[in-house]
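got a predicted model here, sequence first, then my questions.
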Amino acid sequence: MAGSRGYSSYRGRVPRWKIALAILLALILLAACTFLFLQKYIVYDDSGAVRLELPWMKPDGSSSLPPVSDEDLQIIISEPEGKDVEELHILQLPDGSLEGDWTQAVSALRAGGQNAFAVTMKAAGGQLLYDSRVEAAVSSGAVQGNEQSMTALEGLLGSEEYYSIARLSCFRDSLYANANMDGAGLKNTGGYIFYDGNNTQWLDPGKEGARAYLYEIARECAALGFDEILLTDFSYPTEGKLNKIEYGSVEQPVNLRAFLQGMADALEEYDVKLSVELSAQTLTVGTDQVSGQDLSDAAAIVDRIYVAAPAEEAAVLRERVAAVSDQVTLVVEGTALETGDYLQLP
């Protein structure tokens, strides 16, 4: 009797292309393993040529390369160089540099050989020469910069080649003193805004409104990417009918020291240095009772001190600062300076 019909397990012959593919894959795998095994026997001679040197091909005791142990292997990671330099040679950019072609400023730096630049961000009188977003500055009409000034700043600060300094005039500020006389302006004994010998008005260092305004501007400049904030006009008025100034109950040096410490605190979160401009009188004597400046107070807070002085006085003034603090650098401002830390004025 014939067996029952049905499907068997036979599936037919394996196609030849599958057999060829399997052989090819096996050869590729073998080649890869061989390559990995032979890598340690690949050597380079002095000319950079590559050759294979198997163990039985080398004379006894010879080696093309010295043995390297884990202790001999050193991995060196280079850190990016910062813009801190041992000696600053600064070019003060002329007022109006942010309104024109900023590349001309870079050309001037290269021609003069300086490694840093200072640009005025807040002028004496109170004008902000960049497009500030500080609300009090906008409402008082102090903002004179525009989109062009911000483009110039972007170009100047975008270069890692030069150390950058934002120059801020502090208390000589007619604009904000008039806009906020009660909260920030320096008054006379009659209760009105004080005019100095040049018909200029000032902010009162003892008023919180004046301090907060300047802190906010400095923080904005730090956020833009400057390496250093330089405070100028850091004083009370020194010209005019000074006996008519309403100084308040706190002495001038105390108010200036409190402001300077507050500025350092306000900038603490930023990677920025703080510096201040003092008079040659302050550096020579140590204090200036009229302006309220005190060398020791400033040196205890800031990173650098600036002074406008002739080149022949630079050495003596540097000694005066060094006698007070060995942590603070003196930068001399002038027009014919070539050695030491200096700021070249226009």
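Looks like it arrived, so ask away.

so where's this structure uncertain?
1-18, 35-85 (pLDDT under 70).

outline the domain layout of it.
Following automatic domain parsing, one gets these domains for the chain: 17-57, 89-344.

most tightly packed of the ones you listed?
Mean neighbours per residue, mean count of other CB atoms under 10 Å, is largest over the domains of the chain for domain 89-344, with a mean of 18. Just so you know, the C-beta spots here come from the backbone N, C-alpha and C atoms, and that holds for glycine as well.

state the distance from residue 101 to residue 174.
Using CB to CB, to the nearest Å, residue 101 is found at 30 Å from residue 174.

with residue 21 instead?
In terms of CB to CB, residue 21 sits 88 Å off from residue 174.

can you check residue 195 too?
On the measure of CB to CB, residue 195 and residue 174 end up 9 Å apart.

anything in contact with each of the two?
Counting by CB atoms under 8 Å, 6 or more residues apart in numbering, the contacts common to residue 195 and residue 174 are residue 201.

return the residues in contact with residue 250.
Residue 250 neighbours (CB under 8 Å, 6+ apart): residue 206.

sec struct for it, please.
The three-state label given to residue 250 by DSSP: H, G, I helix; E, B strand; the rest coil is coil.

hmm, who's touching stretch 185-198?
Contacts of stretch 185-198 (CB under 8 Å, 6+ apart): 171, 176-178, 181, 201-204, 207, 210, 236-237, 239-241, 244-246.

try 10 Å
For stretch 185-198, the external contacting residues (CB atoms under 10 Å, 6 or more residues apart in numbering) are 124, 171-174, 176-179, 181-182, 200-207, 209-210, 236-248.

now it, how far from the centre of its chain.
Taking CA atoms, centre = their mean, to the nearest Å, the mean C-alpha location of stretch 185-198 is offset from the chain mean by 37 Å.

can you give me the end-to-end span of that stretch?
16 Å (CA to CA, to the nearest Å).

stretch 201-214 too?
Start-to-end span of stretch 201-214 (CA to CA) is 16 Å.

likewise for stretch 159-177?
So stretch 159-177: terminal residues 36 Å apart, CA to CA.

do the same with stretch 298-305
Here the two ends of stretch 298-305 are set 8 Å apart, with distance taken as CA to CA.

likewise for stretch 313-332?
With CA to CA as the measure, stretch 313-332 spans 9 Å from end to end.

over to the residue nearest to residue 272 when sequence neighbours are not counted: give its phi and psi.
The shortest distance from residue 272 to any non-neighbouring residue, by CB to CB, 6 or more residues apart in numbering, is to residue 222 (4.5 Å). When read as degrees, to the nearest 10, the backbone of residue 222 gives phi -60, psi -40.

residues in contact with residue 222?
Neighbouring residues of residue 222 by CB under 10 Å, 6+ apart: 166, 228, 229, 266, 267, 269, 270, 271, 272, 273, 274.

which ones among those residues map onto helices?
residue 266 (DSSP state H).

could I get the contacts of residue 222 as CSV with distance to residue 214?
Shown next, in CSV, are these (distance: CB to CB, whole Å):
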residue, distance to residue 214
166, 12
228, 16
229, 10
266, 9
267, 11
269, 17
270, 15
271, 20
272, 15
273, 17
274, 12
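
partners of the host helix or strand of residue 231 in the sheet?
Under the criterion of DSSP states H and E, residue 231 resides in strand 228-232. Take DSSP bridges as the rule and strand 228-232 pairs in its sheet with strand 163-169 (parallel), strand 273-277 (parallel).

so how far is residue 277 from the closest residue in space to residue 237 that isn't next to it in sequence?
Excluding its sequence neighbours, the residue lying closest to residue 237 (CB to CB, 6+ apart) is residue 196, at 4.3 Å. Residue 196 is 18 Å from residue 277, where distance means CB to CB.
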